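Asker: Next come a sequence and a model predicted from it.
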Amino acid sequence: MTSLKDVKLFTTQTHPCSYLPGEEARTLFIDPEHPVSTEFHTHLSEIGFRRSGAHMYRPHCSNCQHCVACRIVVDRFTPNKRYRRILKRNDDLEVEVVDSIDSEEYYQLYEGYINRRHKDGDMFPATREQFESFLIQQHESTVFYRVRNGEKLVAVMISDILSNGLSAVYTFYDVNEQKRSLGNYAILWQIEETRRRRLPFVYLGYWIRDCEKMNYKLQFRPIELLLNQRWIRLT
């Protein structure tokens with residue numbers, strides 16, 4: 001298997017942190033010219049990397065270790081009463097795989113999501129260029145899931161299927177459908193899809209203790225956090 005010793009690595013200049021006000025961040029990237037097989041992608045996920053568009057990265061900050069990779073333990077997860085209500089509320093939705101999300105319908109959903117849900121983030125305002133570079137570019141293991149209520153598009157989930165689980169790359173949805181709790185529904189659906197594939201984990205990216213927007217991730221117990229290069233389980 002390819003290891004980091006065999007790959008060129010690049011770091012960004014220091015820049016303002018997107019999640020913690022007043023903090024500065026740096027990011028470590030895998031050489032974008034290096035081929036990333038599903039096996040290598042899985043290895044990178046196990047040591048805390050994420051995919052964004054064509055890039056594999058992880059935080060590389062000198063004075064801060066707040067970004068912690070996390071993954072749900074699928075075979076131990078049982079939906080609580082709140083999550084069962086969310087699943088029931090959305091049992092009229094249909095999820096299907098699509099080959100591409102490169103169309104105006106998908107972009108309009110993405111634009112509405114970013115511009116209304118993430119006005120304080122570095123992705124605001126949404127642009128076509130951002131959408132194409134961030135989400136349309138895919139890895140060999142990428143799957144696009146379209147979520148519809150009849151003919152109405154309500155959500156899109158982008159996932160990477162790894163050797164040991166599913167990496168939830170990004171989800172965007174109709175912000176007018178607040179009662180559906182579509183963000184939580186997307187995670188619950190991906191947990192069940194991972195279980196169907198008989199894989200052990202759903203990777204949720206990074207949890208940041210002092211970032212309120214990240215708190216929802218620790219509600220999906222049991223969950224594992226990558227601390228000091230070891231996966232530690234919280235039940």
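Answerer: Perfect, thanks for sending it. Numbering: from 1, shown residues only.
Asker: And the residue nearest the centre of the chain, how close does it get to residue 60?
Answerer: The chain has residue 169 as the residue nearest its centroid, 3.1 Å off, counting by C-alpha atoms, centre = their mean. Separation of residue 169 from residue 60 (C-beta to C-beta, to the nearest Å): 20 Å. Where you see a C-beta, it was placed from the backbone N, CA and C, and this is true even at glycine.
Asker: May I have the residues that are in contact with the closest residue to residue 180 other than its chain neighbours?
Answerer: In space, and not counting its chain neighbours, residue 180 is closest to residue 90: 5.5 Å by C-beta to C-beta, 6 or more residues apart in numbering. Listed by C-beta atoms under 8 Å, 6 or more residues apart in numbering, the contact partners of residue 90 are 180, 182, 185.
Asker: now residue 213
Answerer: With C-beta under 8 Å, 6+ apart, residue 213 has these contacts: residue 19.
Asker: which SS state does residue 75 fall under?
Answerer: Three-state call for residue 75 (DSSP: H, G, I helix; E, B strand; the rest coil): helix.
Asker: and the closest residue to it other than its chain neighbours, backbone torsions?
Answerer: Spatially, and ignoring its direct neighbours in sequence, residue 75 is nearest to residue 200 (6.4 Å; C-beta to C-beta, 6+ apart). For residue 200, the backbone dihedrals are phi -90, psi -20 (criterion: degrees, to the nearest 10).
Asker: Please report the distance of residue 200 from residue 222.
Answerer: With C-beta to C-beta as the criterion, residue 200 and residue 222 are 11 Å apart.
Asker: Quickly list what's touching both of these two.
Answerer: By C-beta under 8 Å, 6+ apart, residue 200 and residue 222 have these common neighbours: residue 73.
Asker: how far out from the middle of the chain is the helix-or-strand element of the chain with minimal mean pLDDT?
Answerer: One helix or strand of the chain scores below all others by mean pLDDT, DSSP states H and E: strand 15-16, with a mean of 89. Distance of strand 15-16 from the chain centroid (C-alpha atoms, centre = their mean, to the nearest Å) equals 22 Å.
Asker: Given the next helix or strand after it, what are its sheet partners and their directions?
Answerer: The element immediately downstream of strand 15-16 (helix or strand, assigned by DSSP states H and E) is strand 24-25. Applying DSSP bridges to the sheet, strand 24-25 is found paired with strand 15-16 (antiparallel).
Asker: what residues does the strand it pairs with touch?
Answerer: Outside strand 15-16, the residues that touch it by C-beta under 8 Å, 6+ apart are 23-26.
Asker: Also stretch 197-210?
Answerer: 19-20, 45, 50, 59, 66-75, 161-162, 164-168, 187, 190-191, 194, 214, 217-218, 220, 223-225.
Asker: Buried ones from these, can you make that a ChimeraX selection?
Answerer: With 16 or more other C-beta atoms under 10 Å as the criterion, this ChimeraX line picks the buried residues out of these:
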select :19,20,45,50,59,66,67,68,69,70,71,72,73,74,161,162,165,166,167,168,187,190,191,194,214,217,220,223,224,225
